[in-house]
Structures are given as structure tokens and as C-alpha cells.
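Asks: Need a 3D model of the sequence below.
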Amino acid sequence: MLKPADQYFDHLEEPNRSCMQFLRERILSKFGLTENWQYGMPFFTSKGKRICYLWVHKKLKQPYLGIVEGKLIEYPGLIRENRARMKIFLIDPMKDIPLLDIDRLVKLALATTLSQ
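Replies: The predicted structure is shown next:
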């Protein structure tokens, strides 16, 4: 039986599915984070603290990387919308994934969260 996170990613439509699965694998392998299913979505954690998550924007239908402590991070392209704590980084699945931005954001999120 598939884990809830596996089911979530498998049920996404293309091109979002491929984009999100790639991001998931990159975050897990490059940063050594653990994936947990919390609040009905896949979160990536370190030392028991939520660092980031992957989701699809409801209105724009685009994948995004959500940064849990985004309010503490300033980075080009990071959007607050109506969130008090978290910010998101939209990803266009029809273009090349901005790997440098993704890597920098995850590193910033890790450093910010674990320093608290």
C-alpha cells in the first residue's frame, strides 16, 4: 500500500507530477530531510522541525515550494500572499526548474528553522 505522500504525488496531473516528483527526490537526497505527512500534505523535516513542503497553488494550478518560516526569509520570488508565517516559491512546470533558487531556499529554510 502506498504512503499518503506517494498517493498525493501519483495523483497529480502532468506536467505538475513530474515537476513535483523531481523536487521531492532532490530535496530528500540533497538535503537529507525526512518526509512526513502532516496537515494533509507532504512536509520535509529535520530534527523534528518542519522546514518546507510541496503543494500546488489552488488558483494558479502551479507547483510551489512552501517555506515554513518564510516570514523570516527575504528572497526574490518568495511570495507571502495571505499567509502569516509561510511564504511560497512558485515553479512553472513548463520551464526549466530553477535549481539554484530551490537549493538556496531549502538551505536558508534549514538554517533559519534550526537556529530558532
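
Asks: Can you check which strand is longest in the protein?
Replies: As assigned by DSSP state E, the longest strand anywhere in the chain is strand 49-56.

Asks: Tell me the first helix or strand C-terminal of that strand.
Replies: Using DSSP states H and E, the helix or strand that follows strand 49-56 towards the C-terminus is strand 63-67.

Asks: now the angle from that following strand to strand 49-56?
Replies: 160 degrees (axes from the mean of the first three to the mean of the last three C-alpha atoms, to 10 degrees).

Asks: Surely Leu54 touches Leu65?
Replies: Yes - using C-beta atoms under 8 Å, Leu54 is in contact with Leu65, at 6.3 Å. Every C-beta, even on glycine, is put in place using the N, C-alpha and C of the backbone.

Asks: anything in contact with each of the two?
Replies: Leu23 (C-beta atoms under 8 Å, 6 or more residues apart in numbering).

Asks: any chance you could map the strands in this protein?
Replies: 34-38, 41-46, 49-56, 63-67, 78-79, 87-90.

Asks: Save the ones you listed as CSV, and put in distance to Ser18 and mean neighbour count too.
Replies: CSV is the format used below for the strands of the chain (distance: least, C-beta to C-beta, whole Å; neighbours: other C-beta atoms under 10 Å):
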stretch, distance to Ser18, mean neighbour count
strand 34-38, 18, 14
strand 41-46, 16, 19
strand 49-56, 13, 21
strand 63-67, 10, 23
strand 78-79, 23, 14
strand 87-90, 16, 20
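
Asks: got those strands as CSV, with distance to Phe22 columns?
Replies: Output for those, formatted as CSV (distance: least, C-beta to C-beta, whole Å):
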stretch, distance to Phe22
strand 34-38, 14
strand 41-46, 14
strand 49-56, 10
strand 63-67, 10
strand 78-79, 20
strand 87-90, 15
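
Asks: Including mean pLDDT, could those strands go into TSV?
Replies: Shown next, in TSV, are the strands of the chain (pLDDT from 0 to 100):
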stretch	mean pLDDT
strand 34-38	95
strand 41-46	96
strand 49-56	97
strand 63-67	98
strand 78-79	97
strand 87-90	98
